[in-house]
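Chemist: Curious how this folds, go ahead:
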Amino acid sequence: TKSGKPEGLLRYNTAYNTTKIFRHISDDSTSLQTDSVYTIYKDSKNRLLFGAENGLSVSNPSSEAFINYIIKDKKIRPDDNQVWLLAENESGNFWCGNQFNLFLFDAKTKTFSRYTPNEKDPEALQPGVYNDLLT
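Modeler: Next up, the predicted model:
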């Protein structure tokens, strides 16, 4: 937008030529987690996952409600929990993160685990800039 302020999600219906806007509503836990959405991913269960400001918002195609999963890591900068990258692994869990941080979202426990780079261990995650995820 011209103001630079996030405006949520737009869903365009090609059959009816209509648009619906999904926004964050502060007193509605089933609304979009935030109006800042960085990536969209369709998983093996035909759900849409939205990488957002502090984690994931998940939508079922038959519903207009979202389930929000928040990264609860308070020891880092707020931008570090943004999800720009998403990929589902063979176990149905999701690797996600941004250019400097990687998380694994466990679909059963609904929790995030942060993977921290360790340049001293050649077998560990190395520091750098992450542009994509492959599983």
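
Chemist: tell me the centre residue of this structure?
Modeler: Nearest to the mean C-alpha position of the chain, counting by Cα atoms, centre = their mean, stands residue 51 at 2.0 Å.

Chemist: So residue 39 versus residue 45, what's the distance?
Modeler: 18 Å (Cβ to Cβ, to the nearest Å). Just so you know, the C-beta spots here come from the backbone N, C-alpha and C atoms, and that holds for glycine as well.

Chemist: these two touch, right, residue 107 and residue 92?
Modeler: Yes: in this structure, residue 107 is within contact of residue 92 by Cβ atoms under 8 Å, at 4.9 Å.

Chemist: more crowded one of the two?
Modeler: Between residue 107 and residue 92, counting by other Cβ atoms under 10 Å, residue 107 is the more crowded of the two (17 against 12).

Chemist: contacting residues for that one?
Modeler: Applying Cβ atoms under 8 Å, 6 or more residues apart in numbering, we find residue 107 in contact with 91-94.

Chemist: from those, which is closest to residue 30?
Modeler: Set against residue 30, the nearest of the contacts of residue 107 by Cβ to Cβ is residue 94 (20.3 Å).
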